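1. Provided below for reference: sequence and predicted model.
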Amino acid sequence: MERKMISSWGAYDQKIVEVSMKYLFKLLFLIYIIALFATNGEVPYRIVLFFILIIGVNVFKERFYDTVYTTIASFIIICVGIWLDRNLTFLLCIPLFDFIYQKAYIGALPVFLLGIFFTLETRLPVLILIMGICGILAFVMEKAEVKESDYKNRFDEERRLRYELERTKSKLLNSSKDIAHLTEVSERNRIAREIHDNVGHSIAGILIQLQAANKLFNRDEEKSQEILKKSIENLSDALTLLRNTVHNIKPKETLGVEYLKSVINNFGFCPVELKFYGDFGLLASSQLEISGLILKEALTNAAKHSKATRIDISIDINDKFTRLYIKDNGIGSDKLKEGLGISGMKERVLNIGGTISISSNDGFLIVCLLPMANQEGCGVV
């Protein structure tokens with residue numbers, strides 16, 4: 001938002017400068033002609049009317065209707081003024097400037113030819129020189145305005161793409177949350193169906209048998225004992241079925257700290273000391289996944305480049321954030337080359353609003369903060 005305001009004010013200031021230069025340019029010629037008449041004595045009333053008319057036309061042109069038609073009208077009025085008095089010849093620079101500034105080069109041609117005619121008539125070559133300078137100035141200002149307009153368009157397009165990227169990122173984050181929620185609901189439904197279909201029917205059958213045994217207890221004790229014995233056997237089978245169902249439902253992958261320990265146990269390059277504080281149950285699956293990926297990338301880099309003999313890992317979990325600290329005692333590097341692994345770590349951390357700092361001056365060091373679901377991070381350092 002701040003960058004947008006700066007751009008708007010910059011464009012506004014640029015426009016003011018351009019308009020001011022055009023006013024100043026035309027005002028200089030008018031002042032010169034007025035001073036020329038003033039030094040020659042009394043100014044005729046028709047020249048006064050001419051000045052009022054030409055000033056009014058140019059003010060209207062600059063403020064309300066800056067088109068080729070108003071430039072043509074200004075040129076015609078100046079031609080009438082030159083017919084009245086040749087001292088007004090220098091005012092031809094004004095329509096010449098406007099025509100070139102508006103890219104109406106065909107309109108500039110008769111103005112320039114008329115200037116050549118009056119130069120030959122009055123033998124005043126400075127007129128052509130001044131008209132040439134005015135034409136060059138108008139051409140340069142027009143090109144500068146085109147570049148300014150192109151820059152603003154590019155800036156607006158960049159801002160639009162950036163906002164679009166932010167919206168897409170927000171949609172992706174919301175989609176990932178929705179997918180996680182739907183996955184959780186689907187898994188709960190599957191577990192409920194599994195328990196209901198496999199265990200619920202068996203227990204319901206046992207309950208019916210026990211109720212029948214209870215009713216037959218006083219009338220047919222032998223039959224009641226037989227049903228009770230069968231119910232006990234069925235209950236034992238239902239318990240075995242329940243255990244098997246829970247075993248099948250339970251994921252084979254390790255979770256929590258066991259998952260991170262399994263990552264470290266598979267690393268055999270050098271000794272690794274792991275310290276952790278807090279409740280791993282607070283970690284969301286996405287945070288645990290990112291922690292594991294960062295841990296794997298750090299251990300892989302240490303094995304490839306560090307020549308380390310020891311790696312210290314500390315994980316601190318609280319209700320606001322998770323802090324992951326990884327440090328080896330390797331040789332480090334003066335210039336850290338950011339490959340796909342490091343850029344991938346940064347991108348994943350940034351996507352959940354976390355921060356990550358990486359240093360290779362004295363061994364390889366990673367410090368990462370992952371906010372909890374209700375917290376917000378700051379970005380990548």
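-> Nice, thanks for sending it over.

2. what distance separates stretch 291-311 from the centre of its chain?
-> Relative to its chain's centre, stretch 291-311 lies at 31 Å (C-alpha atoms, centre = their mean, to the nearest Å).

3. got it, and stretch 224-231?
-> 72 Å.

4. quick one: contacts of it?
-> By C-beta atoms under 8 Å, 6 or more residues apart in numbering, the residues outside stretch 224-231 that reach it are 206, 209-210, 212-214, 216-217. From N, CA and C alone the C-beta is placed, and that goes for glycine too.

5. one more time with 7 Å, if that's ok
-> Residues outside stretch 224-231 that contact it (C-beta atoms under 7 Å, 6 or more residues apart in numbering) are 206, 209-210, 212-213, 216-217.

6. Whichever of the residues you listed end up buried, select them in ChimeraX.
-> The ChimeraX selection below is limited to those of the contacts of stretch 224-231 classed as buried (16 or more other C-beta atoms under 10 Å):
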select :206,209,210,213,216
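
7. Select from the contacts of stretch 224-231 every entry located in strands.
-> Residues of the contacts of stretch 224-231 located in strands (DSSP state E): none.

8. which of the contacts of stretch 224-231 sit farthest apart?
-> Spatially, the most separated pair among these is 206 and 217, at 16.5 Å (C-beta to C-beta).

9. what about the nearest residue to residue 139 once chain neighbours are set aside, how many neighbours?
-> Leaving out its chain neighbours, the residue that sits closest to residue 139 by C-beta to C-beta, 6 or more residues apart in numbering is residue 100, at 5.6 Å. By the criterion of other C-beta atoms under 10 Å, residue 100 has 23 neighbours.

10. phi, psi of residue 100?
-> For residue 100, the backbone dihedrals (degrees, to the nearest 10) come out as phi -70, psi -40.

11. what about it, distance to residue 78?
-> Residue 100 is 16 Å from residue 78, where distance means C-beta to C-beta, to the nearest Å.

12. All the strands of the stretch 251-381 of the chain, residue numbers only.
-> Listed in chain order, the strands of the stretch 251-381 of the chain (DSSP state E, counting those that start in this stretch) span 272-277, 311-317, 321-328, 355-359, 365-371.

13. now those strands as TSV including distance to residue 157?
-> Formatted as TSV, those follow (distance: least, C-beta to C-beta, whole Å):
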stretch	distance to residue 157
strand 272-277	48
strand 311-317	43
strand 321-328	37
strand 355-359	30
strand 365-371	33
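
14. In TSV, list these along with mean neighbour count and mean pLDDT.
-> Supplementary listing: the strands of the stretch 251-381 of the chain in TSV, determined by neighbours: other C-beta atoms under 10 Å; pLDDT from 0 to 100:
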stretch	mean neighbour count	mean pLDDT
strand 272-277	14	84
strand 311-317	19	89
strand 321-328	21	89
strand 355-359	17	86
strand 365-371	21	89
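
15. Out of those strands, the one nearest residue 108 is which?
-> The nearest among the strands of the stretch 251-381 of the chain, by C-beta to C-beta, is strand 355-359 at 60.2 Å.

16. and the closest one, what does it pack onto?
-> In terms of contacts (3 or more C-beta pairs under 7 Å, 6 or more residues apart in numbering; DSSP states H and E), strand 355-359 is packed against helix 340-351, strand 365-371.

17. partner strands of it, parallel or antiparallel?
-> The strands beside strand 355-359 in its sheet (DSSP bridges) come out as strand 365-371 (antiparallel).

18. by how many degrees do the strand it pairs with and strand 311-317 diverge?
-> Counting by axes from the mean of the first three to the mean of the last three C-alpha atoms, to 10 degrees, strand 365-371 points 10 degrees away from the direction of strand 311-317.

19. Distance of the residue nearest to residue 139 relative to residue 264?
-> Residue 100 sits 74 Å away from residue 264, taking C-beta to C-beta as the criterion.

20. what about residue 261, how many residues close to it?
-> Residue 261: 14 neighbours (other C-beta under 10 Å).

21. now it: how far from residue 276?
-> 9 Å.

22. Hmm, residue 324 is touching residue 357, no?
-> No. With contact defined as C-beta atoms under 7 Å, residue 324 does not count as touching residue 357 (10.9 Å).

23. what's stretch 65-81 in contact with?
-> With C-beta under 7 Å, 6+ apart, stretch 65-81 has contacts from 50, 53-54, 57-58, 60-61, 88, 91-92, 94-95, 98-99, 102, 104, 107, 111.

24. Return the set of buried residues in that stretch.
-> Neighbour count says stretch 65-81 has 66, 70-71, 73-75, 77-79, 81 buried, by 16+ other C-beta under 10 Å.

25. What residues does the residue nearest the centre of the chain make contact with?
-> Taking C-alpha atoms, centre = their mean as the criterion, residue 162 is the residue nearest the geometric centre of the chain, at 3.8 Å. Listed by C-beta under 7 Å, 6+ apart, the contact set of residue 162 is empty.

26. Give me the nearest residue to residue 26, chain neighbours excluded.
-> That would be residue 94: by C-beta to C-beta, 6+ apart, it lies 5.4 Å from residue 26.

27. Please identify the helix or strand for that neighbour.
-> Taking DSSP states H and E as the definition, residue 94 sits inside helix 93-101.

28. quick one: average pLDDT of that helix?
-> For helix 93-101, mean pLDDT is 83.

29. Kindly export the helix or strand following it (C-alpha atoms) in PDB.
-> Following helix 93-101 in sequence order, the next helix or strand is helix 105-122 (DSSP H and E). Below are the C-alpha coordinates for helix 105-122, written out as PDB (Å, rounded to 0.1, in the frame of the first residue of the first chain):
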ATOM      1  CA  TYR A 105       4.300  16.000 -37.100                       C
ATOM      2  CA  ILE A 106       2.200  16.900 -40.200                       C
ATOM      3  CA  GLY A 107       0.900  20.000 -38.300                       C
ATOM      4  CA  ALA A 108       4.400  21.000 -37.300                       C
ATOM      5  CA  LEU A 109       5.500  21.000 -40.900                       C
ATOM      6  CA  PRO A 110       3.500  24.100 -42.000                       C
ATOM      7  CA  VAL A 111       4.600  25.900 -38.800                       C
ATOM      8  CA  PHE A 112       8.200  25.200 -39.600                       C
ATOM      9  CA  LEU A 113       7.800  26.300 -43.300                       C
ATOM     10  CA  LEU A 114       6.100  29.500 -42.200                       C
ATOM     11  CA  GLY A 115       9.000  30.100 -39.800                       C
ATOM     12  CA  ILE A 116      11.500  29.600 -42.700                       C
ATOM     13  CA  PHE A 117       9.500  32.100 -44.800                       C
ATOM     14  CA  PHE A 118       9.600  34.800 -42.100                       C
ATOM     15  CA  THR A 119      13.200  34.100 -41.500                       C
ATOM     16  CA  LEU A 120      14.000  34.800 -45.100                       C
ATOM     17  CA  GLU A 121      11.800  37.900 -45.100                       C
ATOM     18  CA  THR A 122      13.200  39.400 -41.900                       C
END
